[in-house]
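Peer 1: Using only what follows, build the 3D model:
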Amino acid sequence: MNSTLNPSLIQEFEVAFEEHYMQVLVNPDRKIIICKLMADYIPIDDFKLSFEKIGELVKEGNFEKFIFDKRSLRAFHQPTMEWYFIYWKKEMLDYGLSVHRKILPAEKWFEKMVQIAKDQILQNYPENVISKLDIKYCDTIDEAIVS
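Peer 2: Next up is the predicted model:
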């Protein structure tokens, strides 16, 4: 039997920074930033501070893809999603970050909440940048890296 060991592609990434709520990894050659949440809930002020740090990485580098691994979340916070979706993504698009891959928690209610919130954001912010972004949902980080 011929079996091949396929190491995870995440091994190609370096830790840019790690905080209480998340770990952020980068691979400049692949032009990818990965944000792995490590808590079931992140207060909005901490979320914004961490994403401002990620924004600095985007501005300093030549990154095109952002992978957001939200599998640890067990709470959904609409104002946080709204800020991330409307303000952060728009600013990062100006620096070339146009590909977004998301990994959601397995719970179906979370996926449903994301869709409801997204629909509401699109309705409330008709001049959003969603049509300029390549957004897909993935099941694993490796899938997100290659898609």
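
Peer 1: quick one: the strands in the chain?
Peer 2: Secondary structure of the chain (DSSP state E): strands located at 14-18, 22-27, 32-37, 65-69, 99-103, 134-137.

Peer 1: dump the residue contacts of the residue positioned nearest the centre of the chain.
Peer 2: Nearest to the centroid of the C-alpha atoms of the chain, with distances taken as C-alpha atoms, centre = their mean, sits residue 68, at 2.2 Å. The contact partners of residue 68, by C-beta atoms under 8 Å, 6 or more residues apart in numbering, come to 35, 37, 100-103. Quick note: C-beta positions are derived from backbone N, CA and C, even for glycine.

Peer 1: could those go into TSV alongside distance to residue 44 and neighbour count?
Peer 2: What follows is the contacts of residue 68, written out as TSV (distance: C-beta to C-beta, whole Å; neighbours: other C-beta atoms under 10 Å):
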residue	distance to residue 44	neighbour count
35	16	18
37	14	20
100	20	20
101	23	22
102	19	15
103	21	20
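
Peer 1: ok, and for the helix or strand bottoming out on mean pLDDT in the chain, which residues are buried?
Peer 2: Here the helix or strand of the chain ranked lowest by mean pLDDT, DSSP states H and E is helix 108-124, holding a mean of 83. Using 16 or more other C-beta atoms under 10 Å as the burial criterion, the residues of helix 108-124 that qualify are 110, 113-114, 117-118, 121.
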